[in-house]
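>>> Mind looking at a prediction? Sequence and model below.
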Amino acid sequence: ETGVTQSPTHLIKTRGQQVTLRCSSQSGHNTVSWYQQALGQGPQFIFQYYREEENGRGNFPPRFSGLQFPNYSSELNVNALELDDSALYLCASSDSGRADEQYFGPGTRLTVT
Amino acid sequence: LAKTTQPISMDSYEGQEVNITCSHNNIATNDYITWYQQFPSQGPRFIIQGYKTKVTNEVASLFIPADRKSSTLSLPRVSLSDTAVYYCLVGDTNAGKSTFGDGTTLTVKP
């Protein structure tokens, strides 16, 4: 059984640029959620995808967008990067039948300068 | 969304039992209570989940009183490797209806 993987591990971008982060869900999981975790804080829910459709969104602006593919992998896109977007971005997959039991990837550390 | 309140930090010694309590006064009827563990530079790891009374697995127990307005994660005989941040979540993660708080930093000392 393959766990949740994310790429890249680290990324440095300049304010105003765009970034795409990628996530491969655990085998058999059809639901993917994305979280932003600032230093010293808990993860904040960005949005969730279920069978390629957005299935809920947290309090994040539209410049945060996502996709889920037929193989249930997912992308998080952030446009017009701001300094405050610097954070650890976590992807979590789950089985729709056990939606509360999420399996997290190691995250992508994004630094915006 | 149900708001959770946990102690910011706790200290313990190896071999002791540790109990971390989470308050969630506005928990909804359909909400579950889930606990995660997070080590530095890693994603959170699912520990245990419950709805009411007591749940036990190979790593922890979860105690939930009848009113469900709080829950207690119990870690038996902690070791140094249990040093981590522990998060309590309340809600239905289906459609993002649950929120991580700031967690409890547990430090286990020799």
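Nice, thanks for sending it over.
>>> after the worst-scoring helix or strand of chain A on mean pLDDT comes which helix or strand?
Least confident helix or strand, chain A: strand A:53-57 with a mean of 88, by mean pLDDT, DSSP states H and E. Using DSSP states H and E, the helix or strand that directly follows strand A:53-57 along the chain is strand A:64-68.
>>> Could you give the average pLDDT over stretch A:83-93?
Stretch A:83-93 shows a mean pLDDT of 96.
>>> May I see the buried residues of that stretch?
A:85-93 (16 or more other Cβ atoms under 10 Å in any protein chain shown). The way it works is simple: take the backbone N, C-alpha and C, and place the C-beta from them, glycine included.
>>> Next: stretch A:43-61.
A:43-50, A:55-56, A:58, A:60.
>>> Make TSV out of those and add distance to chain B.
TSV is the format used below for the buried residues of stretch A:43-61 (distance: Cβ to the nearest Cβ, whole Å):
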residue	distance to chain B
A:Pro43	5
A:Gln44	7
A:Phe45	5
A:Ile46	8
A:Phe47	7
A:Gln48	5
A:Tyr49	11
A:Tyr50	8
A:Asn55	5
A:Gly56	3
A:Gly58	6
A:Phe60	11
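>>> one step back: near chain B, list only the ones from the buried residues of stretch A:83-93.
A:88, A:90-92 (Cβ under 8 Å from any Cβ of the partner chain).
>>> Out of these, which is nearest to chain B?
Using Cβ to the nearest Cβ, the shortest approach to chain B within these belongs to A:Leu90, at 5.0 Å.
>>> is A:Ser94 in a bridge, and if so with what?
Counting by DSSP bridges, A:Ser94 is bridged to A:Thr31.
>>> That one is in contact with A:Tyr49, isn't it?
No. Between A:Ser94 and A:Tyr49 there is no contact under Cβ atoms under 8 Å: 11.0 Å.
>>> coming back round to it: so which of the buried residues of stretch A:43-61 comes closest to B:Gly103?
A:Pro43 (9.4 Å; Cβ to Cβ).
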